[in-house]
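Novice: below are the sequence and a predicted model; questions follow.
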Amino acid sequence: MIPFLNLGRQPIANGFRRSDDISKEYFFDLITGFDEKTKLVSIINPPDKSVLFNESYIYRSSGSSTMRAHFKKTAEDLKKKCEAHPGSKVLEIGSNDGVMVSHLDPRQTICIEPCANMASITRNMGYETHCVFWNKDIAQAILDVHGPIQYIYAANCMCHILEIQEAFEAIELLLDKDGIFIFEDPSMEMMFQNTSYDQIYDEHAHIFSIEAIHTLLNNVGLYIQEVKPLEVHGGSNRFIVSKQKSRYPILYHKFDIDQLKQWSLGVQRSKYQLLATLYEVKKAAGRIAAIGATSKSTVIYNYCGIDSNLIEFISDTTLEKQGLVSPGKHIPVVSPDRLKEVDTAFLGAWNFSEEIKSKHPNIKLITHVPRIRII
Ligand code: DWN
């Protein structure tokens, strides 16, 4: 793995905590590298998965109307496929708080979710839920009980799995011979285009390019049938995969290490331009808040050295985050009610800019994507 981007000392991106509990915070060096063989972009030496995904996991996939609508539509499409093939089953890997499966019949749906607090939500909703990390053991255990599965779905999950080749082998093991594996994750192509380097954080063990996915899947006898670009989460790719060889050639951008090293210089420029803009706005307006206590913004605050002297508070709709402080820089997370105190805010959840703009039409928003600007 050849390193190309160093985002410095970082805390656990979703590790929001109480202000009186900041002494034993975990930090690691966030360095990203490129594997010349598979073309996969990954974090070098990320924290252990049990530090990231456990019974205190705070992020809820249902936290925006944008994603609620996205998952409802996804579930409806899966439901239609199941109706066309009676008896078929859906397995979701990384079911979080059940926002997608809640639209499906519990009798034909299986959930995999390693965070115990989230797993108990879908279990209480009546879904068979396995509180484990996805791997070949759980794939075999499900195969033994249910037989091959017709539809396997994973959203913003496969890129979290460090042992990604084994994860794809496990899919191959469990997927029916005529089954479909659908997964979606933030797109390397979009991250590259938008300098959205904050897509890189501990939970995102990899950022997938189409080229890397093509290589990794082919290694285990799975083939991309189609790649659908999605607008969600700042630009994602949805891969439609099966055991049949691809009917059409898969087209993709080819990344190389020189391009990535060049890109990392743009990341450094983005940092200094963001700081300059924030200081300028602070001088003129006096106060700046932020909207969205995201994992992504944890990376920005820690990489750029932004604390509550510059961004006074972060508003977030997630009740569990309110009253806590942000990882590493300890900026207070508060209810959106406090936004009436400011007229300018940094857009921590830039991936929901339309939804946020419509809720707060009078607030000027500073964003770094696709370039530093005020909207
Ligand atoms: O893959 C992952 C993605 C999908 O979600 C996880 N590893 C972790 C998480 O990343 P994130 O924290 O960067 O995700 P979001 O979805 O960008 O977080 C949005 C945050 O903003 C939530 O905490 C909810 C909040 N929010 C808000 O305060 N007001 C969201 C909207 C739409 C709003 O209007």
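Specialist: Looks like it arrived, so ask away.

Novice: which bits of the stretch 1-150 of the chain sit near the ligand?
Specialist: Taking Cβ under 6 Å from any ligand atom as the contact definition, the stretch 1-150 of the chain meets the ligand at 59, 63-64. Every residue, glycine included, has its C-beta placed from N, CA and C.

Novice: save those as JSON lines, and put in pLDDT too.
Specialist: Formatted as JSON lines, those follow (pLDDT from 0 to 100):
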{"residue": "Tyr59", "pLDDT": "95"}
{"residue": "Gly63", "pLDDT": "95"}
{"residue": "Ser64", "pLDDT": "96"}
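
Novice: nearest to Trp134 among the residues you listed?
Specialist: Checking these against Trp134 with Cβ to Cβ, the nearest one is Tyr59 at 17.5 Å.

Novice: and Tyr248, helix, strand or coil?
Specialist: coil (DSSP: H, G, I helix; E, B strand; the rest coil).

Novice: burial measure for it, as a count.
Specialist: 8 (other Cβ atoms under 10 Å).

Novice: ok, Lys296 - contacts?
Specialist: 13, 196, 198-199, 201, 348-351 (Cβ atoms under 8 Å, 6 or more residues apart in numbering).

Novice: that one falls within a helix, correct?
Specialist: Yes: counting by three-state DSSP, Lys296 is part of a helix.

Novice: now do it against the ligand, distance only.
Specialist: Plainly put, Lys296 is 4 Å away from the ligand if you go by Cβ to the nearest ligand atom, to the nearest Å.

Novice: for that residue, give me the pLDDT.
Specialist: Looking at Lys296, its pLDDT reads 98.

Novice: how about Tyr127?
Specialist: 98.

Novice: phi first, then psi, for it.
Specialist: phi -90, psi 140 (degrees, to the nearest 10).

Novice: isn't it right up against Arg107?
Specialist: No: the pair Tyr127 / Arg107 is not scored as a contact, 9.6 Å apart, by Cβ atoms under 8 Å.

Novice: re the thing from before, closest to Pro47 out of the residues of the stretch 1-150 of the chain next to the ligand?
Specialist: Tyr59 (15.9 Å).

Novice: which non-adjacent residue is nearest the residue minimising distance to the centre of the chain?
Specialist: Nearest to the geometric centre of the chain sits Asn156, at 4.7 Å (Cα atoms, centre = their mean). In space, and not counting its chain neighbours, Asn156 is closest to Asp185: 6.0 Å by Cβ to Cβ, 6 or more residues apart in numbering.

Novice: confirm the one you found sits in a helix?
Specialist: No: read with three-state DSSP, Asp185 is strand and lies in no helix.
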